[in-house]
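A.B. asks: would you be able to build a 3D model of this:
(one chain, ligands or ions: 1)
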Amino acid sequence: MPSIPYCGRFAPSPTGPLHLGSMLAAFGSWLLARHAGGQWLVRIEDVDPPREVPGAADTQLATLAAFGLNPDAPVQYQSRRHALYRAAADALLAQDKAFLCHCSRADLASQHGVHRHCVANQKRPTPAIRLRVADGSHITFDDALQGHFAQDVDRAVGDFVLLRADGCWAYQLAVVVDDADQHITHVVRGADLIDSTPRQILLQQALGLPTPQYLHLPLLLGEDGHKLSKSLSALPVNANAPLPVLRWLWAALGQAPATLDAATSVAELLQQAAAGFEPARLRKQSLIATGSPPA
Ligand code: GLU
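C.D. replies: Now for the predicted structure:
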């Protein structure tokens, strides 16, 4: 089988409809994959039922389809992949790279929420599983847009959770297992996740998995400079009017607006966008979203 030089993905959590911020990651990851002549996959990250909104995954996939962002392989659902996460956790436990933890949030409060030693007062019937993070776990990587990034994982987050005490697999474990299993070579996502990347690299190293190239796109911020919650980028995108939204996202990605002026259909716009995309124009700083939503 020929090796695929570039495989990217978009991995939304089904916690609501796709908004401008998530569409920036979807379109940005699609453009970078197309520009590289690579593949682009979609994975629904439904490992956290308490946070899930019924029907949200279908709505998200319908929105991607309305925007012409069609994955190159069938959509994967994390809820159907628990056996893979179990196998990874068992391998780490067997090698003593992970351990069962009975600490509660209240137990950890005295340690500012950072787990370095078990301080549990009593055993839980369903303990969590944590990765053993050695002292001095200094992880660095070169983000393709944000540049050099470093974190002392032991001090910043400590022994982090792989399986929660409520039985849910943690995002950090599921994303690492799936990125490797799907042969993802390039992870493109929002800069709100850059803090998670050192944990994911540490986990890849513990599991003997390759580390993909990372590119963290700028965040969309509200006019007050804070992450958008109730304003523009948190509004669901209008799946009935993809063209203005795609043009808005294109400009937010720093691309030359005139490239897409003539497009009259989604297919035409995406073709012109794929041909005219210039990664060097991506901005690394957060973007302030102002005005009214594109529609
Ligand atoms: N599921 C995560 C989210 O929606 C993104 C995970 C990722 O791209 O690594 O925030």
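A.B. asks: number of residues surrounding Ala150?
C.D. replies: Counted with other C-beta atoms under 10 Å, the neighbours of Ala150 add up to 9. (Each C-beta comes from the backbone N, C-alpha and C, glycine too.)
A.B. asks: whoops, I mixed them up, Pro5
C.D. replies: Pro5, neighbours per other C-beta under 10 Å, totals 11.
A.B. asks: which residues does the spatially closest residue to it that is not a sequence neighbour contact?
C.D. replies: Among residues not flanking Pro5 along the chain, Gly38 sits closest, at 6.4 Å (C-beta to C-beta, 6 or more residues apart in numbering). Contacts of Gly38 were listed using C-beta atoms under 8 Å, 6 or more residues apart in numbering, and they are 4-8, 185-186.
A.B. asks: which of those lies closest to the ligand?
C.D. replies: For these, the residue nearest the ligand by C-beta to the nearest ligand atom is Gly8; the value is 10.3 Å.
A.B. asks: ok, that closest one - contacts?
C.D. replies: By C-beta under 8 Å, 6+ apart, the neighbours of Gly8 are 29-30, 32-33, 36, 38-41, 184-188.
A.B. asks: filter those down to the ones in strands?
C.D. replies: 39-41, 186-188 (DSSP state E).
A.B. asks: and those residues, which is closest to the ligand?
C.D. replies: Nearest to the ligand among those is Val187, at 6.2 Å by C-beta to the nearest ligand atom.
A.B. asks: picking that back up, buried only: go through the contacts of Gly38 for me.
C.D. replies: Among those, those classed as buried by 16 or more other C-beta atoms under 10 Å are 6-8, 185-186.
A.B. asks: what's around the one residue in the stretch 51-200 of the chain that gets nearest to the ligand, how many residues?
C.D. replies: Distances between the stretch 51-200 of the chain and the ligand by C-beta to the nearest ligand atom are smallest at Arg189, namely 3.7 Å. Using other C-beta under 10 Å, Arg189 has 24 other residues around it.
A.B. asks: same question for the one 10 residues further on.
C.D. replies: Using other C-beta under 10 Å, Arg199 has 24 other residues around it.
A.B. asks: and it, what does it touch?
C.D. replies: 153, 157, 160, 172.
A.B. asks: circling back to that earlier point, which of the contacts of Gly8 sit farthest apart?
C.D. replies: Trp30 and Thr185 (14.9 Å; C-beta to C-beta).
A.B. asks: in helices, which of the contacts of Arg199 appear?
C.D. replies: Secondary structure defined by DSSP state H assigns 153, 172 of these to helices.
A.B. asks: in CSV, list the contacts of Arg199 along with pLDDT, distance to the ligand and neighbour count.
C.D. replies: Shown next, in CSV, are these (pLDDT from 0 to 100; distance: C-beta to the nearest ligand atom, whole Å; neighbours: other C-beta atoms under 10 Å):
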residue, pLDDT, distance to the ligand, neighbour count
Val153, 98, 17, 21
Val157, 96, 16, 22
Phe160, 97, 15, 20
Gln172, 98, 9, 18
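A.B. asks: out of the contacts of Arg199, which one sits closest to Thr59?
C.D. replies: Of these, the one sitting nearest to Thr59 (C-beta to C-beta) turns out to be Gln172, at 25.8 Å.
A.B. asks: how about that closest one: what's its closest non-neighbour residue?
C.D. replies: Closest residue to Gln172 apart from its sequence neighbours, by C-beta to C-beta, 6+ apart: Arg199 at 5.1 Å.
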